[in-house]
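Peer 1: Quick one: sequence and predicted model below, then my questions.
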Amino acid sequence: MANNSDMPAESVRHDFADLSIAGIAGVTLALAALFICVLPLINIAGMRDFVAYWATGQQLVHLANPYDQAAMMRIEQSAGFSAKNGVLLMRNPPWALPLAFPLGFVGVRTAAFLWSLVLLICLVASVRILWLIHGSPGNYLHWLGVSFAPALLCLLMGQTSLFALLGYVLFLYLHQKRPFLAGASLWLCALKPHLFLLFGIVLLAWILASKSYRILAGAAAAMAASCAALYSIDSTAWGDYARMMRMAGIESGHIPCLSVAMRFWLRPQTIWVTYLPATLGCVWALGYFWTRRHSWNWMKHGSLLMLISLVTTPYSWVYDDTLAIPSLLHAAYLTRSRTLLALLAFASFLLNVELLSGVKIYTSYYLWTAPSWLAWYLFARAFAKRQLSAEPKV
């Protein structure tokens with residue numbers, strides 16, 4: 001029997017790297033789970049973005065307008081949200097309101113605990129499904145997804161990007177064998193439609209080209225069900241939402257994404273500049289799809305599509321980078337470079353440290369995140385392709 005000294009040095013390094021990834025990710029996930037467990041015991045539930053969803057649920061349960069800024073501010077401040085931060089409103093499309101409705105039946109601490117638990121389940125389930133999609137490899141690389149800094153920030157703030165992640169991953173998993181359910185899962189992606197502009201336009205083109213109309217039927221059925229539920233909860237929601245968006249003043253906010261930064265650098269008062277990157281991205285996406293339409297693979301080709309969608313989106317925060325997880329894990333499974341994997345883990349760790357150290361998420365500092373995930377993906381794919389071509393032909 002061979003002893004440890006007979007093991008190839010490269011194999012030892014790989015095992016050590018995998019165990020290091022698993023250890024760091026495990027500690028990070030344990031801290032996130034601890035945070036969820038202590039939520040009912042401490043008075044910070046109302047200090048996170050989650051308070052907007054809870055206050056929305058309170059308004060809906062009492063048949064009141066969830067976009068009434070004065071009423072929402074009173075509810076949020078009663079939960080501990082600071083008055084100097086203004087008011088938080090649920091800017092997701094109105095079909096997302098049924099998601100917040102159950103929160104109105106419980107107190108803020110209980111609601112925060114349950115909401116965070118569901119978000120954690122979404123994260124773990126998404127990474128688990130991606131692991132299955134890639135053939136259940138016997139390594140620890142999937143833990144990079146569980147410990148990804150934007151996803152943990154999303155969890156801690158109580159944001160809905162983790163719901164969108166689960167919807168996207170379910171689509172990737174189900175679109176071939178269960179197209180109707182795959183289409184229905186897209187309702188979760190529709191909670192944040194601005195993050196899926198490139199994905200959405202290519203999806204529609206792919207459905208038409210491949211005649212995958214059952215996916216379209218599933219999406220339509222889920223949307224119809226949510227709109228019916230919305231009408232039974234609040235029949236005036238669409239009008240109230242439109243008025244809120246006209247007065248919200250989103251266009252004046254300094255949001256740390258490239259599209260908004262480009263507008264402030266070039267012409268601050270010209271709103272259409274914000275949508276220029278997404279428009280150009282959609283043109284590129286259609287061309288990218290059309291040249292690959294006969295061999296289109298949503299995991300392989302959709303990974304680049306989703307990353308560029310995040311870079312060009314007209315509105316996003318650092319926690320929305322959660323949607324990069326499928327693309328990054330896909331490249332991580334393909335590459336054999338432990339240097340690249342360590343670089344990804346370090347970038348995520350650095351972002352975690354910055355967020356915990358108090359660097360505010362609305363600063364321009366975080367403009368580096370989405371382009372960095374795209375750059376890492378391109379390097380990893382190129383390295384994997386070069387390694388594959390260098391292997392001796394049998």
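Peer 2: Great, that's in hand.

Peer 1: residue ranges with poor pLDDT in the stretch 151-300 of the chain?
Peer 2: Low-confidence regions of the stretch 151-300 of the chain, defined by pLDDT under 70, span residues 248-253.

Peer 1: Quickly note the distance from Leu144 to Val106.
Peer 2: Between Leu144 and Val106 the computed distance is 34 Å (Cβ to Cβ, to the nearest Å). To be clear about C-beta, it is placed using only N, CA and C from the backbone, and glycine gets the same treatment.

Peer 1: So which of those two has more stuff around it?
Peer 2: More neighbours sit around Leu144 than around the other of Leu144 and Val106, counting by other Cβ atoms under 10 Å; the figures are 21 against 17.

Peer 1: pLDDT score for the more buried one?
Peer 2: Note for Leu144: predicted pLDDT of 86.

Peer 1: just checking, it touches Leu340?
Peer 2: No - in this structure Leu144 lies outside contact range of Leu340 using Cβ atoms under 8 Å: 11.3 Å.

Peer 1: With adjacent residues omitted, what lies nearest to Ala205?
Peer 2: Phe289 (5.6 Å; Cβ to Cβ, 6 or more residues apart in numbering).

Peer 1: Please list all residues in contact with that neighbour.
Peer 2: Phe289 makes contacts with Val202, Ala205, Trp206, Trp296, His301, Leu305, as judged by Cβ atoms under 8 Å, 6 or more residues apart in numbering.

Peer 1: element containing it, please.
Peer 2: Taking DSSP states H and E as the definition, one finds Phe289 inside helix 276-290.

Peer 1: Check the offset of that helix from the chain's centre.
Peer 2: In this view, helix 276-290 has its centroid 21 Å away from the chain centroid, taken as Cα atoms, centre = their mean, to the nearest Å.

Peer 1: I'd like the next helix or strand past that helix.
Peer 2: For helix 276-290, the following helix or strand on the C-terminal side (DSSP H and E) is helix 300-312.

Peer 1: how far off helix 300-312 does the helix or strand just after that following helix point, in degrees?
Peer 2: Of the helices and strands lying after helix 300-312 in sequence (DSSP H and E), the nearest is helix 325-334. Orientation check (axes from the mean of the first three to the mean of the last three Cα atoms, to 10 degrees): helix 325-334 against helix 300-312 gives 130 degrees.

Peer 1: Not counting its own residues, what contacts helix 325-334?
Peer 2: Helix 325-334 has contacts (Cβ under 8 Å, 6+ apart) with 126-127, 130, 134, 137, 141-142, 144-145, 148, 151, 165, 168-169, 172, 299-300, 302-304, 306-307, 341, 344, 373, 376-377, 380-381, 384.

Peer 1: same check, this time on stretch 231-251
Peer 2: Under the criterion Cβ under 8 Å, 6+ apart, external residues in contact with stretch 231-251 comprise 60, 63, 65-69, 89, 91, 93-94, 97-98, 101, 230, 271, 274, 315.

Peer 1: From the chain's centroid, how far away is the strand or helix carrying Phe379?
Peer 2: Using DSSP H and E, Phe379 sits in helix 369-390. Mean-position distance between helix 369-390 and its chain equals 21 Å (Cα atoms, centre = their mean).

Peer 1: Report all helices and strands that it contacts.
Peer 2: If contacts are counted by 3 or more Cβ pairs under 8 Å, 6 or more residues apart in numbering; DSSP states H and E, helix 369-390 sits against helix 300-312, helix 325-334, helix 338-356.

Peer 1: which one of those lies closest to Val118?
Peer 2: Closest to Val118 of the helices and strands packed on helix 369-390 is helix 325-334 (Cβ to Cβ; 17.4 Å).

Peer 1: how near is the residue nearest to Arg293 when sequence neighbours are not counted to Trp284?
Peer 2: Take Arg293 and drop its neighbours on the chain: the residue closest to it by Cβ to Cβ, 6+ apart is Ala209, 5.2 Å away. In this view, Ala209 and Trp284 are 17 Å apart by Cβ to Cβ.
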